[in-house]
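Novice: the following comprises the amino acid sequence and a computationally predicted model.
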Amino acid sequence: MRVSRTSLLATASVAMLALFAGIAPLHADDVTFDRILHAEKNPGDWLTYHGSYQGWHHSALNQINTQNVGQLKVAWMHQPGRATRGVQSMPMAADGVLYYSSSYSKVYALDGATGEVRWAYTPQLDEDLVARQTHSPYNRGMAMGNGNLYIGTVDGRLIALDMKTGTPVWDTKLIDSQKLTVGFTGAPLFVKDKVIIGSQGGEWPGRGPIFGVDAKTGEKKWEFFTVAGTDEAMKTWGNESWRTGGGGGWMPGTYDAETNSVWWGTANPAPLYDWGGADWKTSGARPGDNLYTSSVIALDPDTGKLKFFHQELPHDAWDFDSAVGEFVAIDQGGKKYFVHPNKGGFAFVYDRADASVQNVYKLADNINFVQDIKPNGELVGRRDMAAGAQKGLCPAINGGVSWNSGTYDPDTGLYYKIGNEWCMDLTVQKTTPVTEPQVQLNIAADFTITDPPGGKAYGHLDARDPISGKIAWTVKFPEPPLASLLSTAGGLVFVPDTRGWLHAYDAKDGKELWKANDGNQHNGGIISYEAGGKQYIATVTGGPSLVGEGYAKLFGGPYKTMEKDTGSLVVYSLP
Amino acid sequence: MQVRSAAVIFLAAALCLATGALDPPSSRAQATSATTPDNSWDLSDGDAERGKQTFANNGCGWCHEGGGRQAGRGPQLMNTTRSDVFIATRILNGKPGRMPAFGGSFDEDQIKDLIAFIHAIKPEATQ
């Protein structure tokens, strides 16, 4: 197998050191923090949700490349049971073993070369509670480290499983989900000796906590409230509106070792829409900025203390939150950046030292919830809505970008990301403050998804300079693809779409080189890994996701009859 | 008004299916003896205005777009051909993966109000 020269040298160096030191070869239970920190040394693995702390969703493997991708075939598949809302998770791989999770937090360990099941795990969930949840029972992934896999559950638990056997090591209840009806659907993040996980939030009361848990014992070490988590933040919720809550951090962020900071995106305040209009600082459902919702926060992983933050949308009145977990580390021109997409359709470029905003650019064309956001992060021309009918708000509640990740290719220097073009009509409604929850979605509006002005709704894959946002090439899709993307050192960008096609494009110019249909829509992750000296591409299938559920009405066609609540893991390789 | 547990609702739903009946359990108090669900609820007795507020306060518009006038994630509610019994049963029990069960949240009057609201939905231009 060919890998990039840098990776090869690094791997060879590690092997030589191990040889001289008499160290045994690494096994799955040796997935240490240091190994994740230096994920580039093991390009055959996929050790964390975003592939590495760099957040690139990129594989340095290049056995599959622009010259031979046309020969790519299905190598093996795995069918999980009870895949309600499809498989939405990001697979992971270590030492030739593939791990993935499915709905109801079911977990599978499979031989990476053949798909043979090593073990499977199904937690006993509170089914009574699950039946009352709206954003459930999908699961979006796991973390690994210290010989364990870590997975959250929709009934509020974080579970550690022995990677070799699937046996539970510990099982910690973190949220009173019976009271809040929300739990965990996002993947955790393993950092040093902690497992960090953010709860669902957004449309529910509660304070959207992010937890730090001892990886060995399961003991909760800290909890940070994304709603009014400091005295300063409490002052930004007028009329004690922090009690209506929201926030949360339902997708995993990443870790910056240089500042010892965990970066996390937070969700919107509740209710989603506010009738305060232009007077939102003093009136409406939740007067004020509503810190730390719709923000990017940097936490000390050892203590959970807030180090610095930037609120991307003060007083988010549009459900365009910052919970997309993607933080793409870019070193360019002597500066160190994180690029973070916001659901409103903007990319924020941050200085990794302090989250100061260095640039902002658009990832979608149809945006009018603000006139613009300046390169320093300042919102210009906010469209704050009073109660009543509103026409043509763009983007739609589905977002200018969705929650799955793009990819960065260090060889081309391009950032590949899906943009969504759609709008909505809505009627903002005054609602009764919801502080004693059951299943309510605190939305405060009726809405209808619509086409954008002048055409049909659609999506586009853009290749950009990650800092300036300048577009190198674009590929249009009749409907926005909703899955994560993958780039590889083989010069390829893989895009799983909602009609069941997996596309491979030339990373340099966007030319389509291969596609295959695996029979189901895609709403989750895609990775590349190595087993037995061979490179594989693994993607999950199935749905519908919450966004994709609206495709039947908006786009018709196959979405009217497409099967729901099925899904699988499909693995491709060369013959 | 007594609020039932979703476990009881699940049992009731299973029994309804087993007996071929689609009727909602007769009342909150009788739900625990749901082996013989009856039709004692007067489902035509709701208040549409209260139902509209219940619809708004509980995020029903997340799936039933345009205030129930159009399909979205869920079906259109305006001009529904479903029976009141079907609607009440669906609100109580939900549909796995599609709609949450509201049986643990709503009492009998709220469900009646929602049914009244659904029947009162008119096209936007004339309402």
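Specialist: Thanks, I have the structure now.

Novice: can you give me the helices in the chain?
Specialist: No chain specified, so I'll use chain A. For chain A, the helices defined by DSSP state H cover A:5-21, A:33-37, A:127-130, A:177-180, A:231-234, A:551-555.

Novice: sorry, I should have been clearer: chain B.
Specialist: Here chain B has its helices, by DSSP H, at B:6-19, B:48-57, B:84-93, B:108-120.

Novice: worst average pLDDT in these?
Specialist: Note on the helices of chain B: helix B:6-19 shows the lowest mean pLDDT, a mean of 35.

Novice: residues of chain A that sit close to chain B?
Specialist: A:84-85, A:127-129, A:131-134, A:137, A:203, A:425, A:427, A:429, A:431-432, A:434, A:438-449, A:546, A:549-550, A:552-553, A:564-565 (Cβ under 8 Å from any Cβ of the partner chain). From N, CA and C alone the C-beta is placed, and that goes for glycine too.

Novice: re earlier: nearest to residue A:307, out of the helices of chain B?
Specialist: helix B:48-57 (37.7 Å; Cβ to Cβ).

Novice: close to chain A, is that closest one?
Specialist: Yes. Using Cβ under 8 Å from any Cβ, helix B:48-57 reaches chain A at B:53, B:56, B:57.

Novice: how far away is the residue nearest to the second one when sequence neighbours are not counted from residue B:85?
Specialist: If you skip the residues right next to it in sequence, residue B:56 has residue A:429 as its closest partner in space, 4.8 Å away by Cβ to Cβ, 6 or more residues apart in numbering or on different chains. Relative to residue B:85, residue A:429 is positioned 29 Å away (criterion: Cβ to Cβ, to the nearest Å).

Novice: more neighbours: these two, which one.
Specialist: Taking neighbours as other Cβ atoms under 10 Å in any protein chain shown, residue A:429 and residue B:85 compare with residue A:429 leading, 21 against 17.

Novice: I figured that one hits residue A:275, correct?
Specialist: Yes. At 7.5 Å, residue A:429 and residue A:275 qualify as touching, with contact defined as Cβ atoms under 8 Å.

Novice: overlap in contacts, those two.
Specialist: Common contacts of residue A:429 and residue A:275, defined by Cβ atoms under 8 Å, 6 or more residues apart in numbering or on different chains, comprise A:387, A:444.

Novice: strands of the stretch 301-450 of chain A, start to end?
Specialist: Along the stretch 301-450 of chain A, counting by DSSP state E, counting those that start in this stretch, strands occupy A:306-311, A:328-332, A:335-341, A:346-351, A:357-362, A:372-373, A:379-380, A:388-393, A:407-409, A:414-421, A:423-428, A:445-450.

Novice: make a markdown table from the ones you listed and add distance to residue A:243, mean pLDDT and mean neighbour count to it.
Specialist: Listed next are the strands of the stretch 301-450 of chain A as a markdown table, based on distance: least, Cβ to Cβ, whole Å; pLDDT from 0 to 100; neighbours: other Cβ atoms under 10 Å in any protein chain shown:
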| stretch | distance to residue A:243 | mean pLDDT | mean neighbour count |
| --- | --- | --- | --- |
| strand A:306-311 | 20 | 98 | 19 |
| strand A:328-332 | 35 | 97 | 18 |
| strand A:335-341 | 29 | 98 | 22 |
| strand A:346-351 | 29 | 98 | 23 |
| strand A:357-362 | 30 | 98 | 18 |
| strand A:372-373 | 30 | 98 | 18 |
| strand A:379-380 | 26 | 98 | 14 |
| strand A:388-393 | 26 | 95 | 14 |
| strand A:407-409 | 40 | 98 | 25 |
| strand A:414-421 | 33 | 98 | 26 |
| strand A:423-428 | 21 | 95 | 22 |
| strand A:445-450 | 20 | 92 | 23 |
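
Novice: confidence score at whichever residue of the stretch 151-300 of chain A sits closest to chain B?
Specialist: The stretch 151-300 of chain A approaches chain B most closely through residue A:203 (6.5 Å), counting by Cβ to the nearest Cβ. pLDDT recorded at residue A:203 is 84.

Novice: ok, now residue A:131?
Specialist: Reading off the confidence values, residue A:131 has pLDDT 88.

Novice: which residue does the stretch 451-575 of chain A bring closest to chain B?
Specialist: Nearest to chain B, among the residues of the stretch 451-575 of chain A, is residue A:549, at 4.2 Å (Cβ to the nearest Cβ).

Novice: thought that residue was touching residue B:65?
Specialist: No. At 11.3 Å, residue A:549 does not count as touching residue B:65 under the criterion of Cβ under 8 Å.

Novice: now for these two: what residues contact both?
Specialist: With contacts defined as Cβ under 8 Å, 6+ apart, the residues adjacent to both residue A:549 and residue B:65 are residue B:73.

Novice: okay, these two: which has more neighbours?
Specialist: A count of neighbours by other Cβ under 10 Å puts residue B:65 above the other of residue A:549 and residue B:65, at 24 against 20.

Novice: how much space separates the closest residue to the more buried one other than its chain neighbours from residue A:522?
Specialist: Of all residues not flanking residue B:65 in the chain, residue B:72 sits nearest, at 3.3 Å (Cβ to Cβ, 6+ apart). Here the criterion is Cβ to Cβ. By it, residue B:72 lies 21 Å from residue A:522.

Novice: between these two, who's got more neighbours?
Specialist: Shown here are residue B:72 and residue A:522; by other Cβ under 10 Å, residue A:522 has more neighbours (32 against 22).

Novice: can you tell me which residues contact that one?
Specialist: Here residue A:522 is in contact with A:481, A:482, A:483, A:496, A:497, A:498, A:500, A:502, A:539, A:540, A:541, A:543 (Cβ under 8 Å, 6+ apart).

Novice: then residue A:426?
Specialist: Counting by Cβ under 8 Å, 6+ apart, residue A:426 touches A:273, A:385, A:389, A:390, A:393, A:445, A:446, A:447, A:448.

Novice: quick check: bridge partners of the spatially closest residue to residue A:305 that is not a sequence neighbour?
Specialist: Nearest residue to residue A:305, sequence neighbours excluded (Cβ to Cβ, 6+ apart): residue A:299, at 6.8 Å. Per DSSP bridges, the residues bridged to residue A:299 are residue A:262, residue A:306.

Novice: was I right to think residue A:299 contacts residue A:262?
Specialist: Yes. Using Cβ under 8 Å, residue A:299 is in contact with residue A:262, at 4.7 Å.

Novice: shaky segments in chain A?
Specialist: Applying pLDDT under 70 to chain A flags the ranges A:1-29, A:433-440.

Novice: can you tell me the residue of it closest to chain B?
Specialist: Scanning chain A for proximity to chain B using Cβ to the nearest Cβ identifies residue A:441 as nearest, at 2.5 Å.

Novice: please look at residue A:314 and residue A:289 and confirm they touch.
Specialist: Yes. With contacts counted by Cβ under 8 Å, residue A:314 reaches residue A:289, the gap being 4.3 Å.

Novice: for chain A, what's the nearest residue on chain B?
Specialist: For chain B, Cβ to the nearest Cβ, closest residue to chain A: residue B:59, 2.5 Å.

Novice: right, I'll call it a day here.
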